[in-house]
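*Asks:* Fold the following.
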Amino acid sequence: MAFKTPRTISSVPDSPDKLFRELTRRKFPDVLPHQAAMMQAYAAKAVTEDDVALQLPTGSGKTLVGLLIAEWRR
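*Replies:* Model prediction:
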């Protein structure tokens, strides 16, 4: 019994913005309001779609939104 596999409890948050709040090493307390709205809209409407395009202004954090959605889906 040298190796024990740790128990993993998989709890999936309701939306990707809630996943961000569960991260332990984040530098910001929360995502920006427009990012949260985008992720909540995705979770509510587009989760079953094959192709989704995210449209936000330049510099508004599309990469973070996309990565959180990808991790949430994984």
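*Asks:* other SSEs contacting the helix or strand harbouring residue 39?
*Replies:* Element membership for residue 39 (DSSP states H and E) is helix 33-41. Contacts defined by 3 or more CB pairs under 8 Å, 6 or more residues apart in numbering; DSSP states H and E place helix 33-41 against helix 16-22, helix 62-73. (C-beta placed from N, C-alpha, C; glycine too.)
*Asks:* and it, which residues are buried?
*Replies:* 35-36, 38-39 (16 or more other CB atoms under 10 Å).
*Asks:* May I see the residues you listed arranged in a markdown table, with pLDDT as well?
*Replies:* Below are these laid out as a markdown table (pLDDT from 0 to 100):
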| residue | pLDDT |
| --- | --- |
| 35 | 93 |
| 36 | 92 |
| 38 | 92 |
| 39 | 92 |
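*Asks:* nearest to residue 3, of those residues?
*Replies:* Closest to residue 3 out of the buried residues of helix 33-41 is residue 39 (37.6 Å), distances taken as CB to CB.
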